[in-house]
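Q: here are the coordinates; sequence isn't available:
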């Protein structure tokens, strides 16, 4: 298996994790890579909305694969042409947004081994350079699995006491799982904080390097997860931050 697994995680919701996962996938695809982004947040999926598929009916989702009704490669939606990506390939593996599917998977569960097999099978089946996993916030089975199999773990946090305490717990677990590369992404940083001070405090406190610090950008508030910023605004400050993260995993 040559493809790398990149896990994008946050301890709490609302950190901008899915937005970063979607834009990072687009950044890698623009660089000519074959990339899939998988939504393993089965309880509250939504990354497909950022790719402009909020109102579209999807033939197969990750839920179907976990129920054993399709192959993992059947769930891959090729977004390359839709997003006008010239060199690389970008696939989306969505989770179901229907209330029935969500309650069913929460009630009945699934075999974690199937999800792990799905990671390796989709990398092989689609000849991926990167599988980017948008995880469920907090620490649950999906998260632990995506961490345990990841080559790179990016933990997204805000300058918020609850976020930072949760990040400490996440990093502790990730180290026990021996994740090779762990980085912290500080997102939605208010302008009152200085980057140098944040890096010094976070890196000494968590013993993990800061990948990038993304300020609270008016553009992202305006966009409201309606599209992939790096594709629409390639010269934006946010795009440059995505490129910084991509350089780490390259």
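A: Yep, that arrived. Since this is a predicted model, take the numbers as computed values, not measurements. Numbering: from 1, shown residues only.
Q: Okay, now the sheet partners of the top strand by length along the chain, with direction.
A: Of all segments of type strand in the chain, defined using DSSP state E, the longest is strand 181-189. Note on strand 181-189: by DSSP bridges, its sheet partners are strand 152-157 (parallel), strand 209-215 (parallel).
Q: Mind checking those strands for the one nearest to residue 3?
A: When these are compared for distance to residue 3 using CB to CB, the nearest one is strand 152-157, at 12.0 Å. Just so you know, the C-beta spots here come from the backbone N, C-alpha and C atoms, and that holds for glycine as well.
Q: Show me what the closest one is in contact with.
A: Under the contact criterion CB atoms under 8 Å, 6 or more residues apart in numbering, strand 152-157 has outside partners 4-11, 15-17, 20, 147, 163-164, 166-167, 170-171, 174, 179-187, 208, 211, 245, 248-249.
Q: Over to stretch 192-199?
A: 159, 186, 189, 210, 213.
Q: got it, and stretch 66-82?
A: 29, 36, 51-53, 58-62, 64-65, 85, 88-94, 105, 110-111, 114-115, 117-118, 121-122, 125-126.
Q: now residue 142: how far from residue 9?
A: Separation of residue 142 from residue 9 (CB to CB, to the nearest Å): 10 Å.
Q: List the buried residues for stretch 63-78?
A: Residues of stretch 63-78 classed as buried by neighbour count (16 or more other CB atoms under 10 Å): 63, 64, 65, 66, 70, 72, 73, 75, 76, 77.
Q: In strands, which of the contacts of strand 152-157 fall?
A: Using DSSP E, 4-9, 181-187, 211 are the members of the contacts of strand 152-157 that sit in strands.
Q: mind listing what residue 158 touches?
A: Going by CB under 8 Å, 6+ apart, the list of residues near residue 158 reads 15, 186, 187, 188, 189.
Q: okay, now the second one: neighbour count?
A: The tally of other residues near residue 186 (other CB atoms under 10 Å) stands at 25.
Q: what does the first one give?
A: Residue neighbour count, defined by other CB under 10 Å, stands at 25 for residue 15.
Q: Which residue lies closest in space to it, excluding its sequence neighbours?
A: Nearest residue to residue 15, sequence neighbours excluded (CB to CB, 6 or more residues apart in numbering): residue 156, at 4.5 Å.
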